[in-house]
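**Student:** this is a predicted model, with the sequence first.
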Amino acid sequence: MKIGILGYGSIGQRHGASAMKLGHYGEVYDPLTWHIDRRGHILTWADAIIVASPTEFHVQDLHDALEAKKHVLVEKPIGYDDPNIVHNLLYHAAVNKLIVATGFNLRFHSCVQAAKNVLDRGLLGNIICASFTVNQLSAKPPYLRDGVIRNWLSHEIDLAHFLLGEGEVETCVAPIDEFGHDSKEAFIAMKFPEVRDKVYVQGDYYTEPQQRFWWIEGDHSSLYCNMIRREIYMRFPGEQPNLFYRGEDSFDANYVDEMRAFTDLIATGFPNPWLATGEDGVRSLRTVMAARLKAGLDKE
């Protein structure tokens, strides 16, 4: 399959390497090094497009790829601000039988898949509360950071939706820097119909080494996951947590699995349960923008 990649920073390079490992052909367009004519060539040449450009260009790149009648995988977040614009693009994609997926590669993390299986089987009982955290120093230049909520936390927001269903933002606290950006940290409180109390999503841009973890509390048992160590602990009321699952995969492997799921869907038409759809991307973007609004970062 011929894979065109728009944007060739660290994520674009990861996707390119994943495509090559699976035997696909790739061509890239980097706006910092290539003339705009190459972008048009790739949109014509490719069977599918990977949008890995800076976030503010995602909607335009998605639009142009769909206009060229190409299937598209858009890195998170699927859009920059207005979810309705992306929603309308997805409608036109469906009319033309084009696949749109969102790059929430954490869904391919073995611990997430193990936890999803536990939740689907109802082994935690009724969910009481949950929390999802990512603390990670941002090495990106300021113009690519897009704020903690839009960037780092879009993954955690998707995980909350993926594991717990629909939810809405109740509050969000995010200190705003002198440029009006949430460049340090953010704390979001959400309410999910299937969760008795609150679901928290939080993260920062300055912790090193990286920390990524979550826990889900049920009235029968609870799960505690360290995403870096790829370990899940289960705890029953009144007992100590015990190791429940340990994964042997890696983030590189998760990207390859995501690429395989996307290209297999194009080839066969059979959806992979872990691959985030365009609609999943819009749902996460709506939550991102609701959180930014609550934090005073945007206006209605």
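**Tutor:** Yep, that arrived. Numbers count the residues shown, from 1 in each chain.

**Student:** mind checking what helix or strand follows the lowest-mean-pLDDT helix or strand in the chain in sequence?
**Tutor:** Ranked by mean pLDDT, DSSP states H and E, the helix or strand of the chain with the weakest confidence is helix 142-145, at a mean of 66. Using DSSP states H and E, the helix or strand that follows helix 142-145 towards the C-terminus is helix 152-164.

**Student:** who are the packing partners of whichever helix or strand comes after that next one?
**Tutor:** Using DSSP H and E, the next helix or strand after helix 152-164 towards the C-terminus is strand 168-173. Packed against strand 168-173 by the contact rule (3 or more C-beta pairs under 8 Å, 6 or more residues apart in numbering; DSSP states H and E) you find strand 185-191, helix 278-294. Where C-beta positions appear, they are placed from N, C-alpha and C, glycine not excepted.

**Student:** so what strands line up beside the shortest one?
**Tutor:** Here the strand partners of strand 185-191, with direction, are listed using DSSP bridges: strand 168-173 (antiparallel), strand 198-204 (antiparallel).

**Student:** in it, what counts as buried?
**Tutor:** For strand 185-191, the neighbour count (16 or more other C-beta atoms under 10 Å) marks 185-190 as buried.

**Student:** what sits against the residue nearest to the spatial centre of the chain?
**Tutor:** Closest to where the C-alpha atoms of the chain average out (C-alpha atoms, centre = their mean) is F104, at 3.0 Å. Contacts for F104 were tallied using C-beta atoms under 8 Å, 6 or more residues apart in numbering; they are 76, 154-155, 158-159, 162, 276, 280-281, 284.

**Student:** also P141?
**Tutor:** With C-beta under 8 Å, 6+ apart, P141 has no contacts at all.

**Student:** show me where the stretch 1-150 of the chain has its strands.
**Tutor:** Here the stretch 1-150 of the chain has its strands, by DSSP state E, counting those that start in this stretch, at 2-6, 25-29, 48-51, 71-75, 100-103, 127-135.

**Student:** reformat those as TSV; add mean neighbour count and mean pLDDT.
**Tutor:** As requested, those are exported to TSV (neighbours: other C-beta atoms under 10 Å; pLDDT from 0 to 100):
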stretch	mean neighbour count	mean pLDDT
strand 2-6	24	97
strand 25-29	18	94
strand 48-51	27	98
strand 71-75	27	98
strand 100-103	27	98
strand 127-135	21	98
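
**Student:** need those strands in JSON lines with distance to Y233, can you?
**Tutor:** Below are the strands of the stretch 1-150 of the chain laid out as JSON lines (distance: least, C-beta to C-beta, whole Å):
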{"stretch": "strand 2-6", "distance to Y233": "38"}
{"stretch": "strand 25-29", "distance to Y233": "40"}
{"stretch": "strand 48-51", "distance to Y233": "35"}
{"stretch": "strand 71-75", "distance to Y233": "31"}
{"stretch": "strand 100-103", "distance to Y233": "28"}
{"stretch": "strand 127-135", "distance to Y233": "14"}
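
**Student:** out of the buried residues of strand 185-191, which is nearest to K294?
**Tutor:** Distance to K294, by C-beta to C-beta, is smallest for I188 among the buried residues of strand 185-191, at 7.9 Å.

**Student:** measure that closest one to I128 for me?
**Tutor:** 18 Å (C-beta to C-beta, to the nearest Å).

**Student:** shaky segments in the stretch 151-300 of the chain?
**Tutor:** Within the stretch 151-300 of the chain, not a single segment meets pLDDT under 70.

**Student:** cutoff 80 now
**Tutor:** For the stretch 151-300 of the chain, applying pLDDT under 80 flags the ranges 178-180, 300.

**Student:** the stretch 1-150 of the chain: helices as residue ranges?
**Tutor:** 10-21, 36-45, 58-67, 83-95, 110-120, 142-145 (DSSP state H, counting those that start in this stretch).

**Student:** nearest to E208, of those?
**Tutor:** E208 lies closest to helix 142-145 among the helices of the stretch 1-150 of the chain, at 15.5 Å (C-beta to C-beta).
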